[in-house]
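Q: Sharing a model that was predicted from the sequence below.
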2 protein chains.
Amino acid sequence: MNAPLPILVVGSVAFDDIETPHGRRESCLGGSATYFSASASLFAPVRVVAVVGEDFPQAHLDALSARGVDLDGVDRVPGRTFRWSGRYSDEVADAETLDTQLNVLQHFDPRIPAHYRDSPMVFLGNIHPALQLQVLDQIERPQLIAADTMNFWITGERAALEKVLARLDMLVINETEARLLAQTSNVFVAADRILEMGPRILVVKRGAYGALLFHPDGTFFVPAVPLREVVDPTGAGDTFAAGLMGHLARVATFDFPTLRRAVLSGTVMASFACQGFSLDRVLDVEHTDVEARMRELLTLIHPGD
Amino acid sequence: MNAPLPILVVGSVAFDDIETPHGRRESCLGGSATYFSASASLFAPVRVVAVVGEDFPQAHLDALSARGVDLDGVDRVPGRTFRWSGRYSDEVADAETLDTQLNVLQHFDPRIPAHYRDSPMVFLGNIHPALQLQVLDQIERPQLIAADTMNFWITGERAALEKVLARLDMLVINETEARLLAQTSNVFVAADRILEMGPRILVVKRGAYGALLFHPDGTFFVPAVPLREVVDPTGAGDTFAAGLMGHLARVATFDFPTLRRAVLSGTVMASFACQGFSLDRVLDVEHTDVEARMRELLTLIHPGD
């Protein structure tokens, strides 16, 4: 087996204030780049492009460095770190955003370190599509470009987002956002339309209901790993993307059989994210945990011979 | 292969007024017993216990008879047939009930014909739990008793419903109703609790998200068949139950491998129900259609080797 491909990720690093039926946590470590890099580093070298404020503790960065995450692309600038406050009313509800303070993210000007520029895989986390484009403009053409986005950019920054979509190999997006993007309530019609916007691979995240993979060679549907306690679903989507990209980085091919396994890998990783606040559980995950849960998932979806 | 086991079904026969994004249909054939018997008759002999009013057209009954459905247990009584009016705001929304007229269902007094009494399989469709019990009291102990129910009985007729649950082998229920019954938002915790109420097998229907099977020997999750057009989801749950029970009737065992296949069979049948108003598509389905769609579903869930 060859060495895994390095993955460049750009996204947010945040302080989160979170309330779920299982408790409340203030100023905990969050953000798409954080969840992604903590999870993907289990599979492959990860290079982060992000911004933090003066208030961001070095210890948080050290926790990621300890996992081999390359933080040379993390800028520390004057001001306060991005902050998000959200509440989940029950285990199946979507987050209700209580407050968003962009802070240093408002003037984020992503600069790609020279040694990041030939990264073979890129994940554009959920940030302003203009920033996603700015990253793409600074790098050589990678083997695989994937991105996430959200309702806010779909409705408010459609033109920039369409430019991003045109340059993607793969979009990894929530079901409600896929419907919004394609302006249809039918997720399969939405998939058809999104695949005409640029990406040749689409992964639709359905939260507790699993995920759908649309690839030129076929489609694949997987349920979520059953959890009897969802402590905090924050970051599960980025952790999913990390498990997915991480598996692809390890295998270094992007064909349909590999993508199916990658979606299973994402599904497994997302389940860990839900089992603790912030990165509590994700930072504890070991390969044996991943393998055990993968076996469990494969059993759950096995129709018989 | 032995002859399939006969299935006794008790449930409603109805006139439905339905509005979906794909159109509007008035006074079309509906009801749990109707959808169930039309679908299950593709797999096994079906015996119906139900009530209709003087206004019910003989042609509707003839369509079921033509499929070999035994209608000796269908009572025609003075008054009007049960009527339900519902609206679906988009393809993923639950039905909004606009009107319910119980009519002859209000005084339904199910009488089981003598030749139904040794039915080896019984499906108690979604009617008042007291009526479900009345049916069980008139028959010999079948090999498998399954039932469906709804929020209305869970909240309003809890005591009677608990008596039904205690006598079931299998409950087939919607996810929202499973949560309501078990008083938890976590469907897996709900499953644990429901299995303590009586049934040893639980099937949770998740609509467009598929179904979950909980059996003493394991669990199995299946996604729904992808549909690019959901014309009318009315009756999909009963059609699912029919495909499930029908497969079990054909194989005549209720072990975990058979149940997994049965859930796939239910999933396939439910997809046909969604493709037309009323029973339009269901009454057209042939074995080759079922087999083709089963192959499609198995491909969609195949993780690779």
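A: Received the coordinates, thanks. Numbering: from 1, shown residues only, chains lettered A, B, ... in the order given.

Q: Now do stretch A:102-115: everything it contacts.
A: Here stretch A:102-115 makes contact (C-beta atoms under 8 Å, 6 or more residues apart in numbering or on different chains) with A:8, A:10, A:12, A:47, A:49, A:51-53, A:72-73, A:75, A:77-83, A:127, A:131, A:134-135, A:138-139. The C-beta positions use only the backbone N, C-alpha and C, and glycine is treated the same way.

Q: Spell out which residues of chain A are next to chain B.
A: A:21, A:90-93, A:185-189, A:192, A:206, A:208-210, A:212, A:218-223, A:226-230, A:257, A:260-261, A:264, A:298-304 (C-beta under 8 Å from any C-beta of the partner chain).

Q: what about the residue nearest to A:Val251 when sequence neighbours are not counted, is that helix, strand or coil?
A: In this structure, A:Val251 finds its nearest non-sequential neighbour in A:Thr258, 5.0 Å apart by C-beta to C-beta, 6 or more residues apart in numbering or on different chains. Of the three states, A:Thr258 takes helix under DSSP: H, G, I helix; E, B strand; the rest coil.

Q: my guess is A:Thr258 contacts A:Met245, does it?
A: No: look at A:Thr258 against A:Met245 with C-beta atoms under 8 Å: they stay out of range, at 11.8 Å.

Q: These two: which is more packed in?
A: Comparing A:Thr258 with A:Met245 by other C-beta atoms under 10 Å in any protein chain shown, the one with more neighbours is A:Met245, at 29 against 17.

Q: Return the alpha-carbon coordinates of stretch A:59-67 using PDB.
A: Coordinates of each C-alpha in stretch A:59-67 appear next as PDB, following Å, rounded to 0.1, in the frame of the first residue of the first chain:
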ATOM      1  CA  ALA A  59      -3.500  24.100  23.600                       C
ATOM      2  CA  HIS A  60      -6.300  23.600  21.100                       C
ATOM      3  CA  LEU A  61      -3.800  23.900  18.200                       C
ATOM      4  CA  ASP A  62      -1.400  21.600  20.000                       C
ATOM      5  CA  ALA A  63      -4.100  18.900  20.300                       C
ATOM      6  CA  LEU A  64      -4.300  18.900  16.500                       C
ATOM      7  CA  SER A  65      -0.500  19.100  16.000                       C
ATOM      8  CA  ALA A  66      -0.100  16.100  18.200                       C
ATOM      9  CA  ARG A  67      -2.100  14.100  15.600                       C
END
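
Q: Please, where are all the helices along chain A?
A: Assigned by DSSP state H, chain A shows helices spanning A:32-40, A:58-65, A:129-136, A:151-156, A:158-166, A:175-182, A:187-195, A:236-251, A:256-273, A:287-300.

Q: Identify the residues contacting the residue nearest to A:Leu61 when sequence neighbours are not counted.
A: In this structure, A:Leu61 finds its nearest non-sequential neighbour in A:Leu71, 5.8 Å apart by C-beta to C-beta, 6+ apart. Taking C-beta under 8 Å, 6+ apart as the criterion, A:Leu71 is in contact with A:48, A:61, A:64-65.

Q: For those residues, give me TSV that also has pLDDT and neighbour count.
A: Converted to TSV, the contacts of A:Leu71 look like this (pLDDT from 0 to 100; neighbours: other C-beta atoms under 10 Å in any protein chain shown):
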residue	pLDDT	neighbour count
A:Val48	98	26
A:Leu61	94	19
A:Leu64	95	23
A:Ser65	96	13
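
Q: From these, pick the one nearest B:Ile154.
A: Checking the contacts of A:Leu71 against B:Ile154 by C-beta to C-beta gives A:Leu64 as the nearest, at 47.5 Å.

Q: thought that closest one was touching A:Val48?
A: Yes: counting by C-beta under 8 Å, A:Val48 is a contact partner of A:Leu64 at 7.4 Å.

Q: Show me the common contact partners of those two, please.
A: Between them, A:Leu64 and A:Val48 share these contacting residues under C-beta under 8 Å, 6+ apart: A:37, A:71.

Q: Please tell me how far A:Asp16 sits from A:Gln101.
A: 11 Å (C-beta to C-beta, to the nearest Å).

Q: These two: who's more crowded?
A: A:Asp16 (22 against 15).

Q: Identify the residues contacting the more buried one.
A: Contacts for A:Asp16 (C-beta under 8 Å, 6+ apart) come out as A:25, A:27-31, A:83-86, A:234, A:278.

Q: and stretch A:27-34, average pLDDT?
A: The average pLDDT for stretch A:27-34 rounds to 96.

Q: What residues sit buried inside it?
A: For stretch A:27-34, a neighbour-count test (16 or more other C-beta atoms under 10 Å in any protein chain shown) marks A:28-34 as buried.

Q: picking up where we left off before, quick check: neighbours shared by A:Asp16 and A:Gln101?
A: In contact with both A:Asp16 and A:Gln101: A:83-84, using C-beta under 8 Å, 6+ apart.

Q: So what's the gap between stretch A:208-226 and the chain middle?
A: Centroid separation between stretch A:208-226 and its chain, computed with C-alpha atoms, centre = their mean, to the nearest Å, is 16 Å.

Q: list the buried ones in it?
A: Buried positions in stretch A:208-226, judged by neighbour count with 16+ other C-beta under 10 Å: A:208-215, A:219-226.

Q: Out of these, which two sit at the greatest distance?
A: Largest separation among these by C-beta to C-beta: A:His215 and A:Pro226, giving 25.6 Å.

Q: could you list every residue that touches the residue nearest to the spatial centre of chain A?
A: In chain A, the centroid-proximal residue (C-alpha atoms, centre = their mean) is A:Asp238; its distance is 2.3 Å. Applying C-beta under 8 Å, 6+ apart to A:Asp238 gives the contacts A:11, A:32-36, A:39, A:125-126, A:148, A:273.

Q: repeat for A:Asp55
A: With contact set as C-beta under 8 Å, 6+ apart, A:Asp55 has these partners: A:80-81.

Q: Spatially, and excluding backbone neighbours, which residue is closest to A:Val92.
A: Closest residue in space to A:Val92, ignoring its immediate chain neighbours: B:Ser185 at 5.3 Å, by C-beta to C-beta, 6+ apart.
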